[in-house]
Structure formats: C-alpha cells, structure tokens
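> this one's sequence-less:
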C-alpha cells in the first residue's frame, strides 16, 4: 500500500517508494505550484492517466543526463552544423506541451499529459519555472521539449518531433544553454534505451537526491528564459 497525501504539502521518505511498480511513492494531493515545486526539489514527480488519482513517483535508479555528456551522432552533428533551423526559448510553451500530449507514440495508447497537467505546468511557466525549447523550421514549430528549472537542476518532462531530429536538436541546444548557466543535471526520470543512446545514465536515487539538495539551492531566480535564438558548438562524441 502507498500513503494518501494529506492536505498540507508533505511527502513520504523516498525510501518508502515501492520496488514494483518501481518508484511509486504516494497518491492524491493536488498539482498546485507549491506542491509540484516541493516534489521536484525532493526528486518526486507526478505521473498518472486520466481517471486515476494523482500518482507520485521517485524511481531507483534515476535516469539523468549531465549537460556535458550528450552523445551527438554523426548525422545529428551534420544537422546541427547546417543550421537550417532556429531555436527559440519560451515563445510557444503551450504549443509544445499540446504537441507532446497529442502526438502518437509507439506502444502508448493515450497520454499522461492530462488537461489538469497542462494547466498546472502552464501556471509554472507563468511563474518562471517551466520552460520550452523549440525547434522552428521554415517558420513553423517542428519539434521541442519542455521541463522545469529549479536552481541549477532541470527536470525534463516530454519532447516531440514533427521533423527528423527536431527534438534532438532542441535537446542539444538545451544542454549547451544549461552548461552556460552552470546547471549540473537534467532529470530524465525513467530509464529507456532511447535516453541511454543520447548519453543519459542511471544513478542511485540517494545520489540523485543529494545532488538536488545542492543544485536547487544555487542559480538564478525563476523567470522567463530569453526568447532569442541560442547558439551551441557541437562535435560528434564517441
């Protein structure tokens, strides 16, 4: 059994999370900005389907990507060098979230990005915590990602691509942007082969939580990221 969250903002100890399903910690509560930020600071995130109660997770191990460890393939490096795209920050947050929620995904019948979730993260965007990195091609939004920034930790939520490599382009520029700002980690939540192919790796939950304690207390105050295009210098990595 997992606990039902009280009205006050409090979470069980991470060590109480279930082994199967991996990381399930608690249920209930709400998606208020205060609760979401408290959860992310502790390494907890919401993940549930429509019609279910809100479920809170903290898997062990935790999949993370260090900004300087992104693996760039030869084909992606060529695309990045050609630069027939534009990267924008925080100019179409709602559109990115909507695309992540509605694009079909292999082996996935529905979406966990419910209307309630969209509204909650839209509010975090308004408050300067949630951000989008957008790949624009020929004047249209072709791909991107969104996530949460607290201190110098970034929590990736979802990405989409309507053109080849459009989400990977956004990720490459996100990593470059985060390195310049001194960010130490990108939370990828669950382990997948796709994330591993991009350089993400699993680390013990206790190590992840310890890193968050330090990183979330550093960095700039929340606020919109500059909308202007960002640049990065990329090379193929082994």
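Thanks, I have it. Since the structure is predicted, the reported quantities are computational estimates derived from the model, not experimental observations.

> list the beta-bridge partners for the most centrally placed residue in the chain.
Nearest to the mean C-alpha position of the chain, by CA atoms, centre = their mean, lies residue 156 at 0.8 Å. In this entry, residue 156 is beta-bridged to residue 147, by DSSP bridges.

> which residue ranges form the strands in this protein?
In the chain, the segments counted as strands under DSSP state E are 24-27, 45-46, 55-57, 62-65, 86-89, 130-137, 140-150, 153-161, 185-189, 201-203.

> what residues does the second one touch?
By CB atoms under 8 Å, 6 or more residues apart in numbering, the residues outside strand 45-46 that reach it are 31, 36, 39, 54, 55, 56, 57, 58, 117, 155, 187, 189. To be clear about C-beta, it is placed using only N, CA and C from the backbone, and glycine gets the same treatment.

> that one - what's its average pLDDT?
Mean per-residue pLDDT for strand 45-46: 98.

> with the fourth one instead?
Confidence over strand 62-65 (mean pLDDT, whole number) is 98.

> relative to strand 153-161, how tilted is the longest helix seen in the chain?
Identified as the longest helix of the chain according to DSSP state H is helix 166-180. If you take axes from the mean of the first three to the mean of the last three CA atoms, to 10 degrees, helix 166-180 sits at 160 degrees to strand 153-161.

> adjust the sequence numbering to begin at 710 for everything that follows.
I'll keep to 710 as the first residue from here, and by that count the last item is helix 875-889.

> return the set of buried residues in helix 875-889.
Neighbour counts over helix 875-889 (16 or more other CB atoms under 10 Å) mark 875-887 as buried.

> of all these, which comes closest to residue 860?
residue 887 (11.7 Å; CB to CB).

> which residue, other than its chain neighbours, is closest to the closest one?
residue 776 (4.5 Å; CB to CB, 6 or more residues apart in numbering).

> surely the residue nearest to the centre of the chain and residue 897 touch.
Yes: counting by CB atoms under 8 Å, residue 897 is a contact partner of residue 865 at 5.6 Å.

> picking that back up, I'd guessed the residue nearest to residue 887 sits against residue 881; true?
No: applying CB under 8 Å as the test, residue 776 and residue 881 come out as separate, 10.3 Å apart.

> so what sits against both of those two?
Joint contacts of residue 776 and residue 881 (CB under 8 Å, 6+ apart) do not exist.

> let me see the domain layout of the protein.
With domains defined by automatic domain parsing, the chain comprises 723-769, 772-924.

> just to revisit the earlier point, how about the contacts of strand 754-755 in TSV, adding neighbour count?
Converted to TSV, these look like this (neighbours: other CB atoms under 10 Å):
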residue	neighbour count
740	17
745	24
748	24
763	19
764	20
765	26
766	21
767	26
826	22
864	21
896	22
898	21
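
> kindly reformat those as TSV containing pLDDT and distance to residue 795.
Below are the contacts of strand 754-755 laid out as TSV (pLDDT from 0 to 100; distance: CB to CB, whole Å):
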residue	pLDDT	distance to residue 795
740	97	32
745	98	30
748	98	34
763	97	36
764	97	37
765	98	37
766	98	35
767	98	36
826	95	28
864	98	25
896	98	27
898	93	28
